[in-house]
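K.L.:
Sequence first, then the predicted structure, then my questions.
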Amino acid sequence: MKSILLGLFSFAALSTTAQTTIPTQKLAGNHQLPTVTLKAQKLEWEGSLAASIPTSANTPYYDTTIKYTADLDKAQLEANATYFFEKEFGSKSVVIENKKHNYTGHGMYLFATDKKLGSTGVYKVYYTINIQVKGKKCFVSMGDFKLENQHSPVSFQYLVNNAKNNDAKSITVLSLFHKNNQDELSKALTSMNTKDHSDYATASLR
């Protein structure tokens, strides 16, 4: 069986859904997000990482569907989802709904726009990741974002409006926001595309 990805996982600004086909004989490490670097991006809205953030109802929302080429052991996929939330996700706020084959985690991460700014340049992001196992498909989504700076809410739309006017600070904040989200999703997708957790699955799903 050829190991070919029939769908590319892309984050287009006007499209929030992508589909990927995963051959069952080679699951580990064959689905990676594109490498992104901020230094290569100009501080202009057009062509920036900030402009690539997918949205739904004017809010950031990432959504992808992994399609497997043959029937897989659903218990293995569900164990991989459990492994992600308990070992890779890094958040203690996890809800696992085994009966519905639905897994949800509520997390938080920090990023700094400029080390010279100290705490004023640090942003806190709250978010939710959902993984649903259904037949030969696995649905992964990331949304419910809330941004804060110095304990105050930051409007995503406000940042976008400023970024579209080529405000360098807003473009930097949104670009780092997008990169962190891609990194988090990459962890989830890698976990769902591996068989390496079979021992963990046996212990977790009894």
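P.N.:
That came through, no problem. Fair warning: this is a prediction, and the values are worked out from it, not measured in the lab.
K.L.:
C-alpha only now, for contacts and for neighbours.
P.N.:
OK.
K.L.:
Quick check: buried residues in whatever helix or strand Asn180 lives in?
P.N.:
Taking DSSP states H and E as the definition, Asn180 sits inside helix 168-192. For helix 168-192, the buried set under the neighbour-count rule, 16 or more other Cα atoms under 10 Å, comprises 169-183, 185-192.
K.L.:
go on, stretch 121-137?
P.N.:
Neighbour-count burial for stretch 121-137 flags 121-125, 127-133, 136-137 (criterion: 16+ other Cα under 10 Å).
K.L.:
In a markdown table, list the residues you listed along with secondary structure and distance to Glu78.
P.N.:
Below are the buried residues of stretch 121-137 laid out as a markdown table (DSSP: H, G, I helix; E, B strand; the rest coil; distance: Cα to Cα, whole Å):
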| residue | secondary structure | distance to Glu78 |
| --- | --- | --- |
| Gly121 | helix | 38 |
| Val122 | strand | 35 |
| Tyr123 | strand | 32 |
| Lys124 | strand | 30 |
| Val125 | strand | 27 |
| Tyr127 | strand | 21 |
| Thr128 | strand | 18 |
| Ile129 | strand | 15 |
| Asn130 | strand | 12 |
| Ile131 | strand | 9 |
| Gln132 | strand | 9 |
| Val133 | strand | 7 |
| Lys136 | coil | 12 |
| Lys137 | strand | 12 |
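K.L.:
Where is pLDDT lowest across those residues?
P.N.:
Ranked by pLDDT, the buried residues of stretch 121-137 bottom out at Lys136 (78).
K.L.:
so that one touches Lys67, yeah?
P.N.:
Yes - counting by Cα atoms under 8 Å, Lys136 touches Lys67, with 6.0 Å between them.
K.L.:
so where is this protein shaky, pLDDT-wise?
P.N.:
Applying pLDDT under 70 to the chain flags residues 1-43, 71, 90-94, 96-99, 195-206.
K.L.:
hey, where'd the strands end up in it?
P.N.:
17-22, 55-56, 59-60, 62-68, 94-97, 102-112, 122-134, 137-149, 152-154 (DSSP state E).
K.L.:
Please identify the deepest-packed of these.
P.N.:
Comparing these by mean neighbour count (mean count of other Cα atoms under 10 Å), strand 62-68 ranks first with a mean of 21.
K.L.:
List the pairing partners of it within its sheet, with orientation.
P.N.:
Sheet partners assigned to strand 62-68 using DSSP bridges are listed as strand 17-22 (parallel), strand 137-149 (antiparallel).
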